[in-house]
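> After the sequence you'll find the predicted model.
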Amino acid sequence: MLKSFYEHIGFFGSLFLSLFLFLFFVFWIAGLAGITLPVDGGKAKFNKWQVLIAILIPLYPVFWLITDIVAQHRFMKNN
């Protein structure tokens, strides 16, 4: 697959594309882990619909992760 990318978009294009896809996969898994993490130390159950949407639509956990990072940054900045 990288060979066909290399033939069509060159060395740097295939390098950036493969790096982007790898980082997207890592952020997707991190977002899934964050969504399923209970907020109150394990007493509450996570929302099953939210996890299902996160698995079927990979962009959702990435955006969730980014918004959670921004919220944590604002929280730490105010304290």
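That came in fine, so what should we check first?

> Go through the biggest helix by length in the chain and flag the buried ones.
Ranked by residue count, the top helix of the chain under DSSP state H comes out as helix 2-36. By neighbour count with 16 or more other C-beta atoms under 10 Å, helix 2-36 contains the buried residues 5-6, 14, 27-28, 31-32, 35. (Glycine included, C-beta is placed from N, CA and C.)

> now for it, which elements pack on it?
In this structure, helix 2-36 makes packing contacts with helix 48-56, helix 59-78, judged by 3 or more C-beta pairs under 8 Å, 6 or more residues apart in numbering; DSSP states H and E.

> how far is the first one from where the chain is centred?
Chain-centre distance of helix 48-56: 13 Å, with C-alpha atoms, centre = their mean, to the nearest Å.

> buried sites along it?
Neighbour-count burial for helix 48-56 [16+ other C-beta under 10 Å]: residue 54.

> what angle do that helix and helix 59-78 make?
110 degrees (axes from the mean of the first three to the mean of the last three C-alpha atoms, to 10 degrees).
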